[in-house]
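>>> Provide a 3D model corresponding to the input given below.
(chains A, B and C)
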Amino acid sequence: MPHVELLGITKRFGSLLANNNVTLDVRPGEVHSILGENGAGKTTLMNILYGLYRPNSGRILLDGRPVSIASPHDAISLGIGMVHQHFMLVPTLTVAENFAIGQTSIFRRWSAREFEPKVLRAAEDIGLPIDPKAFVSDLSVGQQQRVEIVRALGRGARLLILDEPTAVLTPQEARELMGALRRLTSRGTSIVFISHKLKEVMEISDRISVLRLGAHVRTVGVKDTNERELALMMVGRQELETVRREAASVGPPVFMVRDLRVRDERGQEAVRGLSFDVHEGEILGVAGVAGNGQTELTEALVGLRSPVAGSVTVDGRELAGFRAGRMIRAGIGHVPEDRQVWGLFPDLSVAENLIADRHAEAPFGRNGFLQPRAIQSHADQMIQDFDIRPAGRSFRVGALSGGNKQKVVVARIFARRPRVLVINQPTRGLDVGATEYIRRRILGERSRGSAILLISADLDEVLALSDRVAIMYEGHFMAILPVEQASTERVGLLMAGVVPAAAPG
Amino acid sequence: MPSVLLEYTFYLALLAAAIRIAAPLLFAALGETIAEWAGVVNIGLEGTMLMGAWAAFMGTYYSGSGLVGVAAGMAAGILLTAILGYVCISRGANQVIAGIVINIFAAGTTSLIFRQTFRLTLPSVSSFAPVPIPLLSDLPVLGPVLFRHTLLVYAAFLVVPVCTFIIYRTHFGLCLRAAGEHPAAVDAAGINVVGIRYAATLLCGALAGLGGAALSIGQLNQFTDNLTAGRGFIALAIVLLGRWDPFKVMLGALLFAGADGLQLRLQVIGFAIPREVLGMIPYLLAIFAMAFVVGRLHMPAAMAKPYLRES
Amino acid sequence: MSGEQRETILVSQPVVVAPGGGRRLRGLLVPAAAVLGALAVNAVLLLALGVSPFTAYTSMVAGAIGSGQSVSDTLSKTVPIALIALGVGLTFRCGLWNAGGEGQFYAGATGAALAGILIDAPPVILIPLEVLAGVAAGCLTALVPAALKARYNTNEILVTLMLNFVPHLFALYIIQGPLSHGYAAKTVDIHAAGQLPWLVLGGLRLHAGLLFVAAATLGLSVLIERTTFGYRIRAIGSNVFAAEGAGIRVVRTQFVVFLIAGGLGGLSGMIQVAALHHNLLEGMSAGFGFTAIVAALLGRLQPFGVLAASLGFAALVVGGDSMQRTARIENSMVFVIEGLILLFLLGGRIIGRESARTS
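Now for the predicted structure:
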């Protein structure tokens, strides 16, 4: 008897069909992975199971009986727990307080004394120690995830859903997580593991269900398949194109940073004395778990945050502390981490977005007036060059898909032919097609001779595109390695702040 | 410099006045504190207070009972914030715009009904006499200052520890704080975020209405157009100054009430500055405080953002 | 404003919802329904007060557009509302909450009145001086929130709301004080040389201020859509972070925009003094500042839309005044209707909708 069955689940968001008649089941005590690329509908499906969304049609059976899950409250009382990709923890509260939310009647008193022992007991039970008095904002990402897991299990979850849990962990932390999950299944807890990473899915699963574009492709036992087959099911193409990096023709150093120190919002040093060079025509990748200073580093390098010390030069010109406009004119291009927040003007047209940093300069602006014809012809050219869809220069950018939005951002930045590029998480949230396209364009800029700093939490991306790899941990570069020497094992240790004993020869 | 300013009795009377004047501000500010913890900003606080003041007056005038007036004031406040809540929480409208609209609506409605009923007459009520607390009010010096106020004034100050308890010591308060910071987390934990926000908004309405009642039937004993004269906005500033902590909010209310009381007394004793200019003091103080004291705040992260599950 | 300053933003920016193509019909139907709904709810209220809604509404319509005089009055009333609304709309477009129209109006009125009363000069000098005084006073009033925002990132909603009371009180001081008329709550008249002339056009007596309104509407329209400065305003209003990232000087632009709005508000007050009242009067502004905010939102922050909305509200206000004179129904009813229309529009998700952020 399966533990949970999802039958014919369909979910629409307006005109977008996120889940298309999906049917699958989870057996008691198994690790069932849901594999698919970005946009396949994995998270939507599990959000339906957890009660955050209601399906347009379909049924859910628990232990053979039909159930109605109208809210997370229902899911929790049915023994379903979920650890989301973006944690559902309140950072300004303590672990115990986060634990307590929803655990007692609304009218009762709340006291730390009552809940702290409960937290400790639950944590001990599962073998993942956590401190109930700590504020969530002070915990590392790995520790926060532990809190989420302990909390879900503490509420009596017999089915635990994990959404891309290793996206924010170092390889070593990921292995610890796998160990904890195996302990759980040995006690009868069922686990649904959402991921787009083939290797770890092969490692941990009993069965794997592949979703593509909202539809269920197939469910296979892990022993009956291999990585290549799974990849083909995920992407649906006969041949997989992988982005190939050619040998670099690297020039002299163009972008030089010395002893850079940057403070974060709370006044603490996020970047602690960083020094590096980026050469003409090379990509220096920065690997590392998000939250180790990458955001502050980027902001300091592109003029969105003033460093407290250090120098940033392009072709010898000192630029540290200048604001964004100056940096742009000095030849620094910035592909931002969060295009919605930093890169796009949703209410303006595609054409207007494309000239944002050049609107006051010729040929787009003359004597304080905009020049519509120059703006339009530029837009037409960019739309064709970057294959932006829908192909209309007056469309509101807010209406475009994620991939096309990123193309607009990239088109705007690259059109200026910047000397230096600072690129942060360029393919986050994009499907495979858009991801490949963006990566190819980045390599194109590299061939053109741009000096590129590529920051990404996606280790595979960094290793695939970079000539040299820096590993960032707590505001330092632990090491800068040529990519040939950057094995996953070695980089993983460095990402966790561990310096490997002896470098293999 | 008038000699009366050098006598300590002036300042004792000022303190008593400050306590009295603070009551309406305090009610409104405490209500707003609760709402803002949950992530709801009520720019319509001014209109809510006004509506409460008007309803309390009408209720007392027609029934002769102060208690009926208080109940009417609270009810009017709840009704108005229910409208705000529906428009913002359930329909996702921008909270600032909705607040401004509430102010316009409240000003129009209260003025229309009041003037249509009373025309040019200026009715008044008096139903709240000061109630001295036995023993305490006979203490030397501070006795008469602190313990000879109306029931509404005592109530205002008693609500301060009640709010503190609710916000920091109850499960409801925990969910409140979480909802204003990370509503998705509260939803995922199984608590009804919409319900929490509505509850906070309606509580704000009840307290703001009570504040209006304290103003019209507790303090001024009358109602006119625009009676609140910006007190609702000052209450909003007080909440920020007090950093959403009920006790600090109380201190802020006393500060503004003191300034208001001071400028009124200066008018009476014929201080050199024209009285209209003296009347500017509370507003200028609020602006000054906003600019230079409020500074860098960590405010609830989900402030004024509608929470929509499927977005 | 960098990542450092993100925390102190109290609320998100005013939203500009650009109308979509296919939603045109719905875009007309729902506002019409909102108006009807508002009139219906208000009718219920009137009945409860023992007043006939029929009388109320017919006298309002008659008062607003029933005769040449009515139409002239409506057009005249459009001037102060529209000028403030254009300024407010501009600030909203740039991501700023400017609720200070009321105060800027009174400041401008006071400044112009002082100039008109104290200075004796021929019209060709006095009138420009009045304009200068009015605009400068409005700018000065807007300077406070603008500077505080620029320097300390102080939240401008509360500052502008509270600052409204200050110029109003100052105007009261002038009215009660040295320049008082003596018997009525107003000052002595300004010199005849400082009075703006009226135009007579085909049976309508039109306000000279209409010329200012026309110029401002056209000017702002060109500014917003065609200039690089206007581009910056729109970019900031759409996404202030991305604007910063694209090298736009956000603080500088917002500061200037705030002052422009202040100047328009001051101009509005000046025209009321110079063309209509010829002195400074208690209660000159019938809530123009707040009506202007609503007109700006209904006009979708586009200058011509704002003008049209201002015209609509002017009709409402004039109708209300006439209704008070003829039917003895309090003109505060106008605000009740205004409030109800907007509540329906907000509830119907026509205005004030947060733009959803996805992928």
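
>>> residues in contact with the residue of chain C found nearest chain A?
When scored by CB to the nearest CB, chain C has C:Gly247 as its residue closest to chain A, at 3.1 Å. Bear in mind the C-beta positions are built from the backbone N, C-alpha and C, glycine included. C:Gly247 is in contact with A:303, A:323-329, A:357, counting by CB atoms under 8 Å, 6 or more residues apart in numbering or on different chains.

>>> Leaving out the residues flanking it, which one is nearest to it?
A:Gly325 (3.1 Å; CB to CB, 6 or more residues apart in numbering or on different chains).

>>> buried ones in the strand or helix carrying the one you found?
Here A:Gly325 sits within helix A:324-329, counting by DSSP states H and E. Judged by neighbour count using 16 or more other CB atoms under 10 Å in any protein chain shown, the buried positions of helix A:324-329 are A:324-325, A:327-328.

>>> Let me know the closest of those residues to chain C.
A:Gly325 (3.1 Å).

>>> How many residues are close by residue 127?
Chain wasn't specified; assuming chain A. A:Gly127 sits with 11 neighbouring residues when counted by other CB atoms under 10 Å in any protein chain shown.

>>> that's the wrong chain, I wanted chain C
C:Ile127, neighbours per other CB under 10 Å, totals 22.

>>> Using PDB, list the CA coordinates for the helix holding A:Gly325.
Extracted in PDB, the C-alpha atoms of helix A:324-329 (Å, rounded to 0.1, in the frame of the first residue of the first chain):
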ATOM      1  CA  ALA A 324      27.400  53.000 -10.300                       C
ATOM      2  CA  GLY A 325      27.200  55.600 -13.100                       C
ATOM      3  CA  ARG A 326      31.000  56.200 -12.900                       C
ATOM      4  CA  MET A 327      31.700  52.500 -12.800                       C
ATOM      5  CA  ILE A 328      29.600  51.900 -15.900                       C
ATOM      6  CA  ARG A 329      31.400  54.600 -17.800                       C
END
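
>>> The helix or strand following it close to chain C?
Next helix or strand after helix A:324-329 toward the C-terminus (DSSP H and E): strand A:332-335. Yes. Judged by CB under 8 Å from any CB of the partner chain, strand A:332-335 comes into contact with chain C through A:His334.

>>> Please give me every residue in contact with the residue nearest in space to the middle of chain A.
When CA atoms, centre = their mean is applied to chain A, the residue found nearest the centroid is A:Arg428 (5.1 Å). Listed by CB under 8 Å, 6+ apart, the contact set of A:Arg428 reads A:337, A:458.

>>> Just confirm it is within a strand.
No. If the criterion is DSSP: H, G, I helix; E, B strand; the rest coil, then A:Arg428 is coil and not within a strand.

>>> I'd like the distance between it and A:Gln406.
Plainly put, A:Arg428 is 9 Å away from A:Gln406 if you go by CB to CB, to the nearest Å.

>>> what does C:Asn279 give?
C:Asn279 is 61 Å from A:Gln406, by CB to CB.

>>> Comparing those two, which shows the higher neighbour count?
A:Gln406 (27 against 20).

>>> Roughly how far does the more buried one sit from C:Val273?
From A:Gln406 to C:Val273 the distance is 55 Å (CB to CB).

>>> before we move on, what about A:Arg389?
Taking CB to CB, one finds A:Arg389 at 57 Å from C:Val273.

>>> Comparing these two, which residue is more hemmed in?
C:Val273 (31 against 13).

>>> residue ranges of the helices in the stretch 51-200 of chain B, please?
Ranges of helices within the stretch 51-200 of chain B are B:66-85, B:95-118, B:142-146, B:151-169, B:171-181, B:183-188, B:193-213, based on DSSP state H, counting those that start in this stretch.

>>> how about these in TSV, adding mean pLDDT, mean neighbour count and distance to chain C?
As requested, these are exported to TSV (pLDDT from 0 to 100; neighbours: other CB atoms under 10 Å in any protein chain shown; distance: least, CB to the nearest CB, whole Å):
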stretch	mean pLDDT	mean neighbour count	distance to chain C
helix B:66-85	95	24	7
helix B:95-118	92	24	3
helix B:142-146	81	16	29
helix B:151-169	94	18	20
helix B:171-181	92	25	13
helix B:183-188	90	25	14
helix B:193-213	95	27	15
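
>>> can I get these in TSV with distance to A:Thr298?
Formatted as TSV, those follow (distance: least, CB to CB, whole Å):
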stretch	distance to A:Thr298
helix B:66-85	40
helix B:95-118	32
helix B:142-146	57
helix B:151-169	38
helix B:171-181	26
helix B:183-188	26
helix B:193-213	33
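
>>> quick one: which of these is nearest A:Ile80?
helix B:183-188 (11.6 Å; CB to CB).

>>> How about residues contacting that closest one?
With contacts defined as CB under 8 Å, 6+ apart, helix B:183-188 is touched by A:50, A:52, A:71-72, A:82, A:84, A:87-90, A:98, A:101-102, B:39, B:175, B:178-179, B:193, B:196, B:302, B:307, B:309.

>>> just stretch A:2-20 next, same as before
By CB under 8 Å, 6+ apart, stretch A:2-20 touches A:21-28, A:41, A:44-45, A:48-49, A:53, A:55-64, A:80, A:158-159, A:190, A:213-215, B:310.

>>> Kindly tell me how buried the residue of the stretch 101-250 of chain C found nearest chain B is, as a neighbour count.
When scored by CB to the nearest CB, the stretch 101-250 of chain C has C:Tyr173 as its residue closest to chain B, at 3.8 Å. By other CB under 10 Å, the residues close to C:Tyr173 number 20.

>>> State the distance from it to A:Ala287.
Taking CB to CB, one finds C:Tyr173 at 67 Å from A:Ala287.

>>> Also A:Leu62?
41 Å.

>>> Who has more neighbours out of these two?
A:Ala287 (27 against 19).

>>> Next, the contact list for the residue nearest to the more buried one when sequence neighbours are not counted, please.
Once flanking residues are discounted, A:Ala287 sits nearest to A:Val462: 4.6 Å by CB to CB, 6+ apart. Residues near A:Val462 by CB under 8 Å, 6+ apart: A:285-287, A:454, A:456, A:469.

>>> Next: C:His191.
By CB under 8 Å, 6+ apart, C:His191 lies in contact with C:116-117, C:119-121, C:126.

>>> Let's see if you can find the most crowded of those residues.
When neighbours are taken as other CB under 10 Å, the top entry among these is C:Gly116 (31 neighbours).

>>> Does the helix or strand where that one lies pack against any helices or strands, and if so which?
Taking DSSP H and E as the definition, C:Gly116 sits inside helix C:101-118. In terms of contacts (3 or more CB pairs under 8 Å, 6 or more residues apart in numbering or on different chains; DSSP states H and E), helix C:101-118 is packed against helix C:68-93, helix C:123-152, helix C:165-176, helix C:250-271, helix C:288-298.
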